[in-house]
Each structure stands twice: as C-alpha cells, then as structure tokens.
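[1] structure here, sequence nowhere to be found:
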C-alpha cells in the first residue's frame, strides 16, 4: 500500500519482542495445562478453540491500535477499530482455525511461540489490509 514506516516497524518489533513474547507463551502454557487430560478429537478441538479465543476481535483491535499508534495516525483511532477487527476476525476464521490447529496440535510447546509469530506476521499483513477492506 506504499505506506512503509520505520517507526511502525520498530514499534511493532518492540511490542512483539516484549509484550507479545511474554503474553503468548504464557497463554500457550495455560492451554496445555487446561487440556492436559483431554485426548483425541475433543483435546485437539479444545486446544484450537482456546487459541482462537485468544486471537479474538479484541486482540485484533489491539493490534490495529498499535499499528495506528506507531504510524502516528492518532486521529484515526476510534470505535471503528472494533468494527474492523470484528469483520476481520469473521472473514479469516477458517484460515485462523487451520493455522491455530497446526500450531496447537502439530508443534511441540517450545516451538509454538515461533510458529505463532510466523503465522501472526502473515496475519498482521492481513490485519493492516483489514483497515482498507472493512472500512
């Protein structure tokens, strides 16, 4: 979209290396503990659903808020971010389900954060485009 910003890149890297780097692995640990006794399809679907509950419309809105803050677009921050996040979440629910299924059920716990970071980096492009798509 010809809107590259070093400030946004640096800001999102800092958020990813600090806030997300602590929050996401802790949540993944919690998922493991919560689903430890569940086996088979029930365990698989529960892990996937719990991961999707974390990466919900509020998480997307928070991510969009960070993008706006680090882009210096303070005047565009409003309730519309929640609407965009909601439609963004609904539109990518199948992709999110598949991605979270693979991360939660095929990756060992120690690799889940890295897998999630790669998946989230791809989704971050989509979230940034969501601003244009779902306005």
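    Sure thing, it's come through. Nothing here was measured: the structure is a model prediction, and the numbers come from that model.

[2] once you drop chain neighbours, what's closest to the spatially most central residue of the chain?
    For the chain, the residue lying nearest the average C-alpha position, counting by Cα atoms, centre = their mean, turns out to be residue 55 (4.6 Å). The shortest distance from residue 55 to any residue other than its chain neighbours is 6.5 Å, reached at residue 96 (Cβ to Cβ, 6 or more residues apart in numbering). Yep, even glycine has a C-beta here, placed from its N, CA and C like the rest.

[3] so for whatever helix or strand that neighbour lives in, what gets flagged as buried?
    Following DSSP states H and E, the helix or strand that holds residue 96 is helix 93-106. Using 16 or more other Cβ atoms under 10 Å as the burial criterion, the residues of helix 93-106 that qualify are 96, 99-101, 103-104.

[4] by contact count, what packs against that helix?
    For helix 93-106, the contact count by 3 or more Cβ pairs under 8 Å, 6 or more residues apart in numbering; DSSP states H and E identifies helix 40-54, helix 109-133 as packing neighbours.

[5] what's the angle from it to helix 109-133?
    With axes from the mean of the first three to the mean of the last three Cα atoms, to 10 degrees as the basis, helix 93-106 and helix 109-133 are set at 170 degrees to each other.

[6] what's the model's confidence in helix 93-106, averaged?
    Over the span of helix 93-106, the pLDDT mean works out to 94.

[7] ok, residues contacting it?
    Outside of helix 93-106, the residues within contact range by Cβ atoms under 8 Å, 6 or more residues apart in numbering are 28, 31, 44, 47-48, 50-52, 55, 89, 112, 115-116, 119, 123.

[8] closest to residue 80 among these?
    The nearest member of the contacts of helix 93-106 to residue 80, counting by Cβ to Cβ, is residue 89 at 14.8 Å.
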